[in-house]
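Visitor: from the sequence below, what's the structure:
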Amino acid sequence: MADPSSGAQNVTFPSNGEQAHGYLALPPAGRGPGLLVIQEWWGLTSHMTSMVDRFAAEGFVALAPDLYGGATTHDRAEAAELLARLPTERAARDLRGAVDFLLEHPALVGDAVAVVGFCMGGGFALRLAAQEGDKVAAVVPFYGLPREPGYDYRGLTAHVLGHFAEYDKGLPTEAVDEAAILIGEATDRRPEIHFYPAGHAFMNDENVPGSYDPLQAKIAWRRTLSFLRGHLG
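Guide: Numbers count the residues shown, from 1 in each chain. As a prediction, the model looks like this:
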């Protein structure tokens, strides 16, 4: 059964008159550029909090909103149910609140943030960048796209770096190519897209012996850090 409380929440922030929760980590220097990390469909698991900690160690003020309100799972059927029960507008509201929270945080350096999302979170990351405009300077989806066919990316001004898996059974390369074309047609951005000889969720080191690929994960990690530093200053 889904765990009703991930135990990872350590911060609360406003969300359209309500309260949302998440996991925040600060860099060793105490200040840095802001980065939103959006969860996979498993919830705010230890893998997600470890990603937040890794980004913070690299100098970012990193925040992962808890879109499931504390529930986590490692069961595919339960993950699908959690995702199905997640209202898209509520998730969008909480993510917008998280952006504003980061932009107002005293540890933040700069006037825009970046967004990294994994699987489900990759789609939310692109949606958020399109909705928030200049508040998002860079967006990095990992093996995830908006669920709506032909999603309208107008409003997106962020630089885009995408990491996708060649052997992803749920997200064919043709869908990624189509999304890149749609972004290019709707904006003045030309996404930087990379395909890896790996399966879905190749970054998830808790997905063992599944599709986790340490070599491809290391390559994607280095590309992501270089990209974020180049566009967040």
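Visitor: how far does the helix or strand that contains residue 195 sit from its chain's centre?
Guide: Element membership for residue 195 (DSSP states H and E) is strand 192-196. Distance, stretch centre to chain centre, for strand 192-196: 16 Å (CA atoms, centre = their mean, to the nearest Å).
Visitor: and the contacts of it?
Guide: 159-166, 173, 176-177, 180, 202, 213, 216, 219-220, 223, 227 (CB atoms under 8 Å, 6 or more residues apart in numbering). In short, each C-beta sits where N, CA and C put it, glycine included.
Visitor: could you give me the average pLDDT of it?
Guide: Mean per-residue pLDDT for strand 192-196: 98.
Visitor: now stretch 87-104
Guide: 94.
Visitor: go on, stretch 59-77?
Guide: On average, stretch 59-77 scores 94.
Visitor: go on, stretch 204-215?
Guide: 88.
Visitor: just to revisit the earlier point, parallel or antiparallel, list what pairs with the strand holding residue 195.
Guide: strand 159-165 (parallel) (DSSP bridges).
Visitor: and after the partner strand, which helix or strand comes next?
Guide: helix 173-186.
Visitor: residue contacts, the residue lying closest to residue 25 once chain neighbours are set aside?
Guide: The spatially closest residue to residue 25, leaving aside those adjacent along the chain, is residue 56, at 3.6 Å (CB to CB, 6 or more residues apart in numbering). By CB under 8 Å, 6+ apart, the contact list for residue 56 reads 25, 26, 27, 62.
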